[in-house]
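Enquirer: prediction below, plus the sequence it came from.
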Amino acid sequence: MTAKSNGHYEVVAELVEAAASYMDLDPQVRTLLKEPIRTLTVSIPVKMDNGRVRVFQGFRCQHNDVLGPFKGGIRFHPEADEDEVKALAALMTYKCAVVGLPYGGAKGGVLCDPSKLSKGELERLSRGFIRAIAGIIGPDKDIPAPDINTNAQLMGWFVDEFAKIKGAYQPGVFTGKPLILGGSQGRIEATGHGVMLVIREAAKAFNFPLKNARIAIQGFGNVGNYAAKYLHDIGCRIVAVVDVFGGVQNPNGIDPYTLKEYEQANGSVKGFPGTKPISSDELLAMECDILIPAALGNQLTKENAADVRSKWVVEAANGPTTPEADKILQDNGVLVIPDILTNAGGVSASYFEWVQNNYSYYWSKTEVLERLEKIMVDAFKVVYEASQNHASGAIPLRVAAYVVALQRLAAAMEARGWVLV
Ligand code: GLU
């Protein structure tokens, strides 16, 4: 999987401009959304196992909070630079708005390669990052969560460090926590579950047969893995999966449950019995019904978009398609379901976790998944209708999703008196 280039924030700003041209958006709203409210850059000194200090760089970008406290994950990645974090924070603003959550958008990043850190180093880095950003986060201010290379274990360290700093235990400051620390049932599965729900609803709307539909998935982490399982459960056929180390394909279908067990035992899906190898580039270009990028950003670019032979591209990752690639896919008749809708199941379950923390009263997994279903089904419907019923004729789902989000953000800005009407 190739690295992202710079200019990510500009790309999101362009998406907003494109959507704004399809609606009557107050220019003041555009001005207020143009730059993030705050980006904090921190240096995190960490005592490494060899006794020497190494300084890591980290960011927390708070894009906009007109709809509620800032919300968004923290990623640990060698490319999680300021520009990328800013873009991802803005995506969170639009994601929360499009599914109707009472949150603004934020994102955090620590420039590091966690696979090269020992567990102790990772813990010290995690705690150091929270000490560095503690002043700007809190259950009513900014609520971080997991993202790429961060998980419930890190949230456990985060919660503990924050409790020590504040002298009070406040589980609602982070979501995606271990269950024992106030995590929510269903949070781990939520993003993948949401991906399936959006595909199911879109299939109904567009009359697209899902029985035996061939699914290719790039990425087999939390998102790709559960998306594969839920899609398999509703009768789709998982024909290819790749992770960072390699990939597997079988036109007759791969059982994602045994694939996950194999991956856990072997560190990769590579070599799974009964399959043939496939590279990430080959997967993106393979003939299938639904291609699901569920890994890093900027995977479909102007160089490879014309090779896509899938009928749909469903963006489970954040920002997997560049604007040039988006245009090529559109011209080639590929339906693209945008990230801010497709992967919103994760932050929606985070919202449920936060609500449960605020009440100190916990729900069953069935309850969480039922509520998640309602959010995702409603969000798809609103976006679909906006795409079909636009005065200028049908508009792409991505443009429609931004139109819906911008309408809500504009309404909140007016209601709070941020803009003069
Ligand atoms: N990192 C996830 C996302 O990009 C989840 C964020 C959250 O739960 O706050 O949507």
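Expert: Received, thanks. Numbering: from 1, shown residues only.

Enquirer: give me the residue from the protein nearest the ligand.
Expert: G73 (2.8 Å; CB to the nearest ligand atom). In this view, the C-beta of every residue, glycine as well, is placed from N, C-alpha and C.

Enquirer: which residues of this structure score low on pLDDT?
Expert: Along the chain, the model assigns pLDDT under 70 to residues 1-6.

Enquirer: helix, strand or coil for the residue sitting furthest away from the middle of it?
Expert: Largest separation from the mean C-alpha position in the chain: G51, at 36.0 Å (CA atoms, centre = their mean). Three-state call for G51 (DSSP: H, G, I helix; E, B strand; the rest coil): coil.

Enquirer: my read is A240 is in a strand, agree?
Expert: Yes - the assignment for A240 is a strand, going by three-state DSSP.

Enquirer: quick one: it and E263, what's the gap?
Expert: According to CB to CB, to the nearest Å, A240 and E263 sit 14 Å apart.

Enquirer: what residues does the stretch 1-150 of the chain have near the ligand?
Expert: When proximity is defined as CB under 6 Å from any ligand atom, the stretch 1-150 of the chain approaches the ligand at K71, G72, G73, A145, D147.

Enquirer: if we go to 8 Å?
Expert: 71-73, 75, 88, 91-92, 95, 103, 107, 143-148 (CB under 8 Å from any ligand atom).

Enquirer: show me which of those residues is closest to A205.
Expert: K95 (20.3 Å; CB to CB).

Enquirer: hang on, that closest one packs against A344?
Expert: Yes - contact criterion CB atoms under 8 Å: K95 and A344 qualify, at 5.2 Å.

Enquirer: still on that earlier bit, now the spatially closest residue to the residue of the chain closest to the ligand that is not a sequence neighbour. Its backbone dihedrals?
Expert: Closest residue to G73 apart from its sequence neighbours, by CB to CB, 6 or more residues apart in numbering: D147 at 2.9 Å. Per-residue torsions, D147: phi -150, psi -150 (degrees, to the nearest 10).

Enquirer: contact partners for D147?
Expert: G72, G73, I74, R75, L88, K107, G108 (CB atoms under 8 Å, 6 or more residues apart in numbering).

Enquirer: so of these, which ones are in helices?
Expert: Among these, DSSP state H puts L88 in helices.

Enquirer: neighbour count added to the contacts of D147, as TSV?
Expert: Below are the contacts of D147 laid out as TSV (neighbours: other CB atoms under 10 Å):
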residue	neighbour count
G72	32
G73	23
I74	31
R75	24
L88	29
K107	32
G108	29
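
Enquirer: which one of the contacts of D147 is nearest to Q249?
Expert: R75 (28.3 Å).

Enquirer: just checking, L117 touches L125?
Expert: Yes - using CB under 8 Å, L117 is in contact with L125, at 6.7 Å.

Enquirer: the more surrounded of those two?
Expert: More neighbours surround L125 than the other of L117 and L125, with 24 against 20 (other CB atoms under 10 Å).

Enquirer: give me the phi and psi angles of A394.
Expert: phi -60, psi 140.

Enquirer: quick one, which of A240 and E263 is more surrounded?
Expert: Taking other CB under 10 Å, A240 and E263 do not tie; A240 has more neighbours (25 against 20).

Enquirer: OK, contacts around that one?
Expert: A216, I217, G247, V248, Q249, N250, I254, I278, L283, M286, C288.

Enquirer: now with 10 Å?
Expert: 214-218, 247-251, 254, 269, 275-276, 278, 282-284, 286, 288, 291 (CB atoms under 10 Å, 6 or more residues apart in numbering).

Enquirer: what's the answer for Q249, then?
Expert: Contacts for Q249 (CB under 10 Å, 6+ apart) come out as 216, 238-242, 272, 275-278, 282-283, 286, 288.

Enquirer: show me the contacts for V421.
Expert: Neighbour list for V421: D26, Q28, A410, M413, E414, A415 [criterion: CB under 10 Å, 6+ apart].

Enquirer: can you check W363 too?
Expert: Here W363 is in contact with S184, Q185, G186, F352, E353, V355, Q356, L369, E370, R371 (CB under 10 Å, 6+ apart).

Enquirer: let me have these in TSV, adding distance to V195, secondary structure and neighbour count as columns.
Expert: Shown next, in TSV, are the contacts of W363 (distance: CB to CB, whole Å; DSSP: H, G, I helix; E, B strand; the rest coil; neighbours: other CB atoms under 10 Å):
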residue	distance to V195	secondary structure	neighbour count
S184	18	coil	25
Q185	19	coil	20
G186	14	coil	22
F352	17	helix	22
E353	19	helix	29
V355	22	helix	15
Q356	23	helix	21
L369	13	helix	20
E370	17	helix	12
R371	17	helix	17
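
Enquirer: now render those as a markdown table, adding distance to N332.
Expert: Converted to a markdown table, the contacts of W363 look like this (distance: CB to CB, whole Å):
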| residue | distance to N332 |
| --- | --- |
| S184 | 40 |
| Q185 | 41 |
| G186 | 36 |
| F352 | 38 |
| E353 | 40 |
| V355 | 42 |
| Q356 | 44 |
| L369 | 35 |
| E370 | 37 |
| R371 | 37 |
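
Enquirer: with these in mind, which one is nearest to Y362?
Expert: Q356 (5.2 Å).

Enquirer: just give the closest residue to that closest one, not the sequence neighbours.
Expert: Of all residues not flanking Q356 in the chain, Y362 sits nearest, at 5.2 Å (CB to CB, 6+ apart).

Enquirer: then A349?
Expert: A190 (3.3 Å).

Enquirer: what's the spacing between A152 and A228?
Expert: Counting by CB to CB, the gap from A152 to A228 is 20 Å.

Enquirer: which one of the two is surrounded by more residues?
Expert: A228 (28 against 17).
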